[in-house]
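Engineer: Model the structure of this input:
(3 chains)
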Amino acid sequence: MRAPQSELSNIAADVLARVRARRPRVHCVTNAVAQAFTANMLLAAGAVPSMTVAPEEIADFVARADALLVNLGTFDAERRKAAEIAVAKAAEHDLPWLLDPVFVDRSPARTDFAKSLVARGPQAIRLNPAEFAALAGNEPSAEAAVLYAKTSGAVVGLTGETDLVTDGERLARIANGDPLMAKVTAMGCAASALVAACMAVEADAWRASVAGLAAIGVAGEIAAANARGPGSLSIAIIDALHALDRAALTGRARVS
Amino acid sequence: MRAPQSELSNIAADVLARVRARRPRVHCVTNAVAQAFTANMLLAAGAVPSMTVAPEEIADFVARADALLVNLGTFDAERRKAAEIAVAKAAEHDLPWLLDPVFVDRSPARTDFAKSLVARGPQAIRLNPAEFAALAGNEPSAEAAVLYAKTSGAVVGLTGETDLVTDGERLARIANGDPLMAKVTAMGCAASALVAACMAVEADAWRASVAGLAAIGVAGEIAAANARGPGSLSIAIIDALHALDRAALTGRARVS
Amino acid sequence: MRAPQSELSNIAADVLARVRARRPRVHCVTNAVAQAFTANMLLAAGAVPSMTVAPEEIADFVARADALLVNLGTFDAERRKAAEIAVAKAAEHDLPWLLDPVFVDRSPARTDFAKSLVARGPQAIRLNPAEFAALAGNEPSAEAAVLYAKTSGAVVGLTGETDLVTDGERLARIANGDPLMAKVTAMGCAASALVAACMAVEADAWRASVAGLAAIGVAGEIAAANARGPGSLSIAIIDALHALDRAALTGRARVS
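Structural biologist: From the prediction side, this is the model:
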């Protein structure tokens, strides 16, 4: 089933408007490379980030948050422990959470840990084609994504030239973004964080994923139009996301 | 007692000039989110940052530093241990230090640790209203800040729309800055680091706090005037702080 | 022996072209302050960075990488262990690796650890004059660098106003760069990472070091020409490195 473009663009704009109005708290278990950029992107969208991974206090932070991001970027014993506590606390509080299995294609230990987290029931997973292949055990495609969404029970956001978002029934394609975005570190991590922020204000994780990925894709396009390279893009996308309004989002989103 | 505006602006300019001339070393126990921005802001001001939190070597770094910043942003077992070693070494070397009790309003474990650090005698504390309420146990106000400065023995820099700086006797108000600064992660952390740099060259921690907060407020205003959003602001404020001279600081500072 | 300028500039351009074509994976054991900037500089050059320091998985990452950077910036027990595993794995896979002994002048524990890593046989070492003095036990000079390259068996890249690159026989001088680069945190760390990327595609570590340092020096000059301060420089240098082509590199490189 495909929703019409205008409807999905409006949904995305609605969800972003709610993020701006409600200022949800998004707790991020993420890697040190991504922390500052992720925090700035969340702030630009209107959300409030927190980032602690200390086992002694992460439960308190998650309990006071509205959504949780678990990113495996710099995976170590403390972050693993933090992720487990955070996921347990999220379940206890019915908090939506998203898994970003960064670089699971590089290390079997990481793949195993990611699989154990998938079994804990994230509402959404966002990953790139290489990560999808390692985690799902299938070549990336729309069909494979639909199948993996069904078996995992999570909305799958498979990002690339065209992003695919599926809950196993519905499938959306988002054709926004710019190739230069791949030259900025933590761009995918920030996309995951935005989806988590959207999940805080939209109970349908498929709609939230479409909204978050459309927003970053459109902001990236606007930023790329004037960027002189990946450095200026990394700054301009924060500005563009901060300025992104309903007209720009619905006018530019290529979601189908 | 209120000092006249022109006198305080001149003091701020004097202190900043000394930072530029002496290039003090500021050792920062701070969170990973804030490290790069804090280091770049210190460098822009003329100071020399270091950031290690390894228990084996932090004492050596603090012993060679001119001021210490202890920021609880990503609080974990190692940073807690590092903070304790660093504070003990600072006391041994009569090194001024500042506490930035980030997010103490989010976790009781963090509040308790922050209180134990306050008892170790920082020369200054910089915090926002929510953190003040959690740490001081009082609603934030000028009166409450004066009282907390008296009971803690530290200069209190309570930052917000107007910053308040008090040592329990003197009270300064700084009305610089721009609302967009709150959309940049680690802006408060950088403000604390600048105050620490000023404490390295100015023994009166109240004057140092006024100078550091006026400098970042004025730099933020200059940056915001041309920023297209929080991304470009985060870069422009580094440029503005680097270029900040006596004329700009005394001409723009609204300190009373 | 001195190679003629035009030959060295052409070598640098050749090596950079190979980085762009082959997209080598560079695994970085580096400090949290430097991670994001280093990753963005590597991406701008055409390389693919990874940054994990988890002992459980670093061997897997190094085994899949084309070069290794070991930077002591925020040295702690986990990073020390990670560095040791990474260096052992690099030796096993004949992977070139570079040591950046950040701040060895600040702590004896750090100096000792750096010396133990030098004994493990890095193909190259990049460091500043203060770090050189602490590690080599000699005042920095061309003669001392040549001697230290001979005794350590590593190519030495001693960076400053003029960079010196020597393998104990050949000596190159690179007179590019801009003083404002020293005001950007992690600029030296990024230079080391670029050299590591060049080592992935050029077996002669002396040529690779010349190429990496010439590239960042030229990119820094181009960026500084339009920067309004260290903030905008830190962004413009990423753009300039991304856009750097053979004509710009050979036209501007002052290598002799």
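Engineer: Only C-alpha atoms from now on, for both contacts and neighbour counts.
Structural biologist: Will do.
Engineer: Distance-wise, check the spatially most central residue of chain A relative to B:Arg22.
Structural biologist: Using CA atoms, centre = their mean, the residue of chain A that lies closest to the mean C-alpha position is A:Ser192, 1.6 Å off. Between A:Ser192 and B:Arg22 the distance is 44 Å, computed by CA to CA, to the nearest Å.
Engineer: And for A:Leu127?
Structural biologist: Distance of A:Leu127 to B:Arg22, given as CA to CA: 49 Å.
Engineer: Looking at those two, which one has more neighbours?
Structural biologist: Neighbours were counted for A:Leu127 and for B:Arg22 using other CA atoms under 10 Å in any protein chain shown; A:Leu127 has more, 25 against 14.
Engineer: How far off centre is the helix or strand containing the residue nearest to the centre of chain A?
Structural biologist: In this assignment (DSSP states H and E), A:Ser192 forms part of helix A:187-199. Relative to the chain's own centre, helix A:187-199 is displaced by 3 Å; criterion: CA atoms, centre = their mean, to the nearest Å.
Engineer: If you count contacts, what does that helix end up packed against?
Structural biologist: Secondary-structure packing of helix A:187-199 (3 or more CA pairs under 8 Å, 6 or more residues apart in numbering or on different chains; DSSP states H and E): helix A:5-22, strand A:25-29, helix A:35-45, strand A:67-71, strand A:97-100, helix A:205-226.
Engineer: give me that answer again for 7 Å
Structural biologist: When contacts are defined as 3 or more CA pairs under 7 Å, 6 or more residues apart in numbering or on different chains; DSSP states H and E, helix A:187-199 sits against helix A:5-22, helix A:35-45, strand A:67-71, strand A:97-100, helix A:205-226.
Engineer: could you dump the ones you listed to TSV with mean pLDDT and distance to C:Ile235?
Structural biologist: What follows is those, written out as TSV (pLDDT from 0 to 100; distance: least, CA to CA, whole Å):
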stretch	mean pLDDT	distance to C:Ile235
helix A:5-22	93	28
helix A:35-45	97	14
strand A:67-71	97	26
strand A:97-100	98	27
helix A:205-226	97	14
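Engineer: Looking at those, spot the one closest to chain B.
Structural biologist: Ranking the helices and strands packed on helix A:187-199 by distance to chain B, with CA to the nearest CA as the measure, places helix A:35-45 first at 4.8 Å.
Engineer: what about that closest one, near chain B?
Structural biologist: Yes: counting by CA under 7 Å from any CA of the partner chain, chain B has neighbours in helix A:35-45: A:Gln35, A:Ala36, A:Ala39, A:Asn40, A:Leu43, A:Ala44.
Engineer: what does that helix rub up against?
Structural biologist: Contact with helix A:35-45 is made by A:20, A:48-49, A:189-190, A:193-194, A:238, A:241-242, B:33-34, B:183-185, B:230, as judged by CA atoms under 7 Å, 6 or more residues apart in numbering or on different chains.
Engineer: mind running it again at 8 Å?
Structural biologist: A:16, A:19-20, A:48-51, A:186, A:189-190, A:193-194, A:197, A:238-239, A:241-242, B:32-34, B:183-185, B:230-231 (CA atoms under 8 Å, 6 or more residues apart in numbering or on different chains).
Engineer: What strands flank the helix or strand following it, and is each parallel or antiparallel?
Structural biologist: Proceeding N to C from helix A:35-45, the next assigned helix or strand is strand A:48-50, under DSSP H and E. Here strand A:48-50 has these sheet partners by DSSP bridges: strand A:25-29 (parallel).
Engineer: Would you mind getting the angle between the strand it pairs with and helix A:187-199?
Structural biologist: Counting by axes from the mean of the first three to the mean of the last three CA atoms, to 10 degrees, strand A:25-29 lies at 140 degrees to helix A:187-199.
Engineer: mind saving the C-alpha coords of stretch A:71-90 as PDB?
Structural biologist: In PDB, the C-alpha atoms belonging to stretch A:71-90 read as follows (Å, rounded to 0.1, in the frame of the first residue of the first chain):
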ATOM      1  CA  ASN A  71      23.400   4.000  18.400                       C
ATOM      2  CA  LEU A  72      26.300   1.500  18.400                       C
ATOM      3  CA  GLY A  73      28.800   3.900  16.900                       C
ATOM      4  CA  THR A  74      31.500   3.600  19.500                       C
ATOM      5  CA  PHE A  75      30.500   0.400  21.200                       C
ATOM      6  CA  ASP A  76      32.300  -0.400  24.400                       C
ATOM      7  CA  ALA A  77      31.500  -2.200  27.700                       C
ATOM      8  CA  GLU A  78      30.100   0.900  29.300                       C
ATOM      9  CA  ARG A  79      27.900   1.900  26.400                       C
ATOM     10  CA  ARG A  80      26.700  -1.700  26.100                       C
ATOM     11  CA  LYS A  81      25.700  -1.700  29.700                       C
ATOM     12  CA  ALA A  82      24.100   1.700  29.300                       C
ATOM     13  CA  ALA A  83      22.200   0.500  26.300                       C
ATOM     14  CA  GLU A  84      20.800  -2.400  28.200                       C
ATOM     15  CA  ILE A  85      19.700  -0.400  31.200                       C
ATOM     16  CA  ALA A  86      18.200   2.300  28.900                       C
ATOM     17  CA  VAL A  87      16.200  -0.300  26.900                       C
ATOM     18  CA  ALA A  88      14.900  -1.900  30.000                       C
ATOM     19  CA  LYS A  89      13.800   1.500  31.400                       C
ATOM     20  CA  ALA A  90      12.200   2.400  28.100                       C
END
